[in-house]
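*Asks:* Generate a structure from the sequence data that follows.
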Amino acid sequence: MSTISAQLRNFKEPDRDEQTLLFFAIPPNRPKRVDATGQSIPEDGRHKMEINAVLTLAAEGAEDSYAGKLHLFSPYLAFSSLDRKSVRFTIPLCTVRRVERLNARAGVYALSLLLWHGMKIVVQLTSLRPVADQFCALLSMALKAELQAGKMKTVKPFSKTCYSEYLVSDTSPVSEKEREDGSLIDGGEKAGEGDLPVFQGGLGLKFKFPGDPKKLREASKTKLWTNYFKVHGRHLTLIRYPQATRFVQVGLPNRLRGEMWETLSGSIYLRFANPGRYEQILDENKGRINISTEDIEKDLHRSLPEYPAYQSEEGIGALRRVLQAYSFNNPETGYCQAMNILAAAILIYMPEEQVFWLLEVICDRLLPGYYSPSMHGTLLDQRVFESLVARCLPIIHDHFQEVDVQLSVASLPWFLSLYVNSMPMVFAFRVVDCFFCMGPKVLFQVGLAILKINGEKLLQIQDDGQFIHLMRDYFNSLGDSAHPNSSDSRARAITKFQELLLVSFREFAVITEETIFSERRRFRNEIVSSIESFSKRSAIRNLKTFERFTKEQVGLIYDALFKAVCNEPPPAPAPAPISLLTTKDAAEERPETRIGSKTFNVFLSEIATWARDEKVVMNGFQQRVDRDVADHELMDRLFFFWDFSCRGALSFQDLVTGLDGVIFGDLMDNIEWFFNLHDKNKDGFLTKDEVLTVSESLLFIFRFEIGDAYLGAVSRFMSNAFEYGDALLPRPEGTDEKDSPVPQVESNQPYLSLATFRMVLLADEVLESFFETDLSASFRLEPVPLMELTSNNNGFLGGLWSNIATDSNVKLFHKLSDEVGKTIGRHQVIHRPSIGRYTSIEDTRPRESLLTPAMLKSDVSPGSGDRTSITRFLSHSRCFDRRGEKSSSLNPISPAGFDPLVQATNAANALMERTPFAIDDAGDDDEDEDEDEEETEDDDVLDEVDAFLEAHDTGITDADREVAKGG
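*Replies:* All right, here's what the predicted structure looks like:
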């Protein structure tokens, strides 16, 4: 089984708005909103605007003003200073209780915002008056929408789930029932007022938090944050100053860590906007088992086993529910190794619901692609990290290259687990604090600092094992003094971990978010190409059988399939109802890429020449080759014919097996394959309607062939099919076959057997040649031109060219040049034939009929009783494209006066008239030719017929054979 995805190739850099949303930690996708009456609010009510502003805050008797930009992303209001460091906030509009226009001096446009907990923010709009009026109007509309949605009523109950509310409360009961490290004393769970939600902490409340609370100075840190919350807001309305960043770098208090993680990352906004969603996911998927749940069960007991909570069923159960909920909510991602380490670490400080939403933010926005099936985000950042090491630490990089040490053997676990699986937890959580506050650049800064601090020892290693051993020893000593031999007591008090943070944020402060984004753009195509190459090898290796193909030929099939998936991505499969999909004892199958009919048509156009409309266009300015995907019932019929598992979608293995059945077939195999392709109910007979469908399929394949050879062959096929079919129909017992009329058969009843079908096709030289060689040859396994990845042009000219040279603009240019070419009379379109056997306008001489004289003496006309069917066939032959477009021409290079309708009319007249066969001519007794010689020739023909019929079971009765011999 294999998965094929074009998501990496179709990656698009985030635009300016998306980058702004990421900076402010605003959820990019707004959930469906309803008003107080239950009516949905349309998405066009989403307001977005930015304006220059000056933020003024009164704190402790002093006013601070910051110039910056005020952003309205309904339902959020955000602000950042010009340097993007001094101050910023993201506030849901539902937390705003009052907006007032201040009576300021002339020319000053100021607004006062009163938040739900009493904090006041003054914003002075410094743009032009019309712009300010427009912003205020949009803000007013957005506030009214929040009021109608009833979101303002949910703020206070939601705040009860945050620990900061208890800290700022004057009558907080928390401290009386807490230990010094923040964990609860037995029976210390707080009760809520009525049914209001209450604060729920992580597993650390019961199983204690890592580290010594006295050494961590928990009480002092908690007091600092309490004062900060009282002045600068909390959870949903927190205003972030540089002071907050410094507090985070010192280390968050245990009880506040979970709340601050979700506030700094923005997951708190997802939890606020989707109440009860976590429990709903668990309820909807209760008892469901799939490949992700199986992998989760394998890793549960390997998740931080040293922590007491994960030695009990309570901790294991919480971890299981969180990971399963995430995999159910993100089926494309599912579960990835190392996700268990991350979730287990977060669960120590946060309850399950908060961990679920924080995982969503980490996997989707902070570290995209880290925990995907291909792990492309991790591989990309490893390449970026190697590049930064080469730039910042060139001596270490050169030494690693010289002794062939792979940096990723140690750094890959660092990034995947956010250092939790490498450092002692008490230090790793300090790194995680900075990660949520300052972004992914922290991972790179800390990694570079680790290498620099251990630089001298790293220059002495000779292999990967020594590198890993050195890093393990360093992490075990992070709590030791960095300068144990110093005479200064303050220097001796500095630990190695403190030294690590100091080097990270001072010496490597040049590593910014812009640096990371730029390096990712630089190496993205390289990583995508390597992942695609690995995916191809895996897909080929996972095939059950190559059939009769070589490994190189299977690779060509994969290339065509991958191109089709890129051009027409298959839709995500809809899961079946849980009760039908699995039971508790039966797991779902492993994910496998299966393509639908649209993607299959694109794939087939790369493989089969008749499945595409390939034309040479000349307009006096250019000559180009356009290739369009054809659309016909034959392609849909082939799609379901190759659907061996009857799933309505094809896998890579299905395509390999299906192509094997036609590419390697001989004459008889190909005839039988074409027969089975059109035998809908698989009863071994074609009905009259199916015979007409066969003719339409042949006309579709031959639509661009030169001359009338193939059109005449299909016409003769129709005539012979109905003639032979009627002649071989069983007569009622006791009647003379010569005098009895032809039995009437309904259009949906069995009519033509495989043996008769073979006889009809072999009666025509053109069709015999087609099925012997041309049908198999029309499936061509050729190298697919390499598809260029999206160019990462960052300069002005590069960006300008990428905006101009788009596919839509190229098509527009071609259309314009074609119109000009038609105006000046230079436009010409030549369709390339699919078969290309005949290069001149000529017809082939038909073979003589294989019917015996006894059959011919009976009153059998071509398709007697089926004139209506033949007429319907002729009408379809003029238009055999399902899109309703008439075939451009069966002769793509014919003169300008050639009319395909005239040709079709002539073919119809020829078909309705009995085709003269030489064997049908009755000789007179008075002719001069030697009758003995004619009889000898007839006997030779009949002997060949008898030999053919004996070799191929035609279903002819013994009576028919006696009549044939006596004729």
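
*Asks:* going forward, measure contacts and count neighbours with C-alpha atoms only.
*Replies:* Fine.

*Asks:* First-to-last residue distance for stretch 405-424?
*Replies:* For stretch 405-424, the first-to-last residue distance is 25 Å (C-alpha to C-alpha, to the nearest Å).

*Asks:* Same check on stretch 541-548?
*Replies:* From its first residue to its last, stretch 541-548 covers 15 Å (C-alpha to C-alpha).

*Asks:* Buried ones in it, by neighbour count?
*Replies:* Residues Leu543, Phe546 are the ones in stretch 541-548 that count as buried (16 or more other C-alpha atoms under 10 Å).

*Asks:* same deal with stretch 717-731?
*Replies:* Neighbour counts over stretch 717-731 (16+ other C-alpha under 10 Å) mark Phe717, Met718, Ser719, Asn720, Ala721, Phe722, Glu723, Tyr724, Gly725, Asp726, Ala727, Leu728 as buried.

*Asks:* and the third one, what element?
*Replies:* Here Ser719, judged by DSSP states H and E, is contained in helix 709-727.

*Asks:* Name the surrounding residues that touch the helix or strand just after that helix.
*Replies:* Where DSSP H and E defines the elements, the next helix or strand beyond helix 709-727 is strand 752-753. If you take C-alpha atoms under 8 Å, 6 or more residues apart in numbering as the criterion, strand 752-753 is touched by Gly684, Phe685, Leu686, Thr687, Lys688, Val691, Ala721, Gly725, Thr954.

*Asks:* Kindly report the same for stretch 618-635.
*Replies:* For stretch 618-635, contacts defined as C-alpha under 8 Å, 6+ apart pick out 601-602, 605, 611-617, 697, 700, 817-818, 820-822, 826-829, 880-883.

*Asks:* Same question for stretch 71-79.
*Replies:* So stretch 71-79 is contacted by 24, 26, 46-51, 68-70, 87-94, 139, 142-143, 146 (C-alpha under 8 Å, 6+ apart).

*Asks:* Can you say which of those residues are buried?
*Replies:* Buried residues within the contacts of stretch 71-79, counting neighbours by 16+ other C-alpha under 10 Å: 24, 26, 46-48, 50-51, 68-70, 87-94, 139, 142-143, 146.

*Asks:* among the residues you listed, which are in helices?
*Replies:* Mapping those onto helices (DSSP state H) picks out Leu139, Ala142, Leu143, Glu146.

*Asks:* Once you drop chain neighbours, what's closest to the last one?
*Replies:* In this structure, Glu146 finds its nearest non-sequential neighbour in Cys94, 5.9 Å apart by C-alpha to C-alpha, 6 or more residues apart in numbering.

*Asks:* thought the one you found was touching Lys156?
*Replies:* No. Counting by C-alpha atoms under 8 Å, Lys156 is not a contact partner of Cys94; they are 10.6 Å apart.

*Asks:* Assign the spatially closest residue to His831 that is not a sequence neighbour to helix, strand or coil.
*Replies:* Excluding the flanking residues, the one nearest His831 by C-alpha to C-alpha, 6+ apart is Lys615, at 4.2 Å. Here Lys615 takes the strand state, with states given by DSSP: H, G, I helix; E, B strand; the rest coil.

*Asks:* Between the buried residues of stretch 717-731, which sits nearest Pro413?
*Replies:* Of all the buried residues of stretch 717-731, Pro413 sits closest to Phe717, with 68.1 Å by C-alpha to C-alpha.

*Asks:* which residues sit in contact with that closest one?
*Replies:* Phe717 makes contacts with Ser695, Val760, Leu761, Asp764, as judged by C-alpha under 8 Å, 6+ apart.

*Asks:* Adding neighbour count, write the residues you listed out as CSV.
*Replies:* What follows is the contacts of Phe717, written out as CSV (neighbours: other C-alpha atoms under 10 Å):
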residue, neighbour count
Ser695, 22
Val760, 25
Leu761, 22
Asp764, 22
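
*Asks:* Find me the pLDDT at the residue nearest to Asp463 when sequence neighbours are not counted, would you?
*Replies:* Computed as C-alpha to C-alpha, 6+ apart, the closest residue to Asp463 that is not its neighbour in sequence is Val405, at 5.6 Å. Looking at Val405, its pLDDT is 93.
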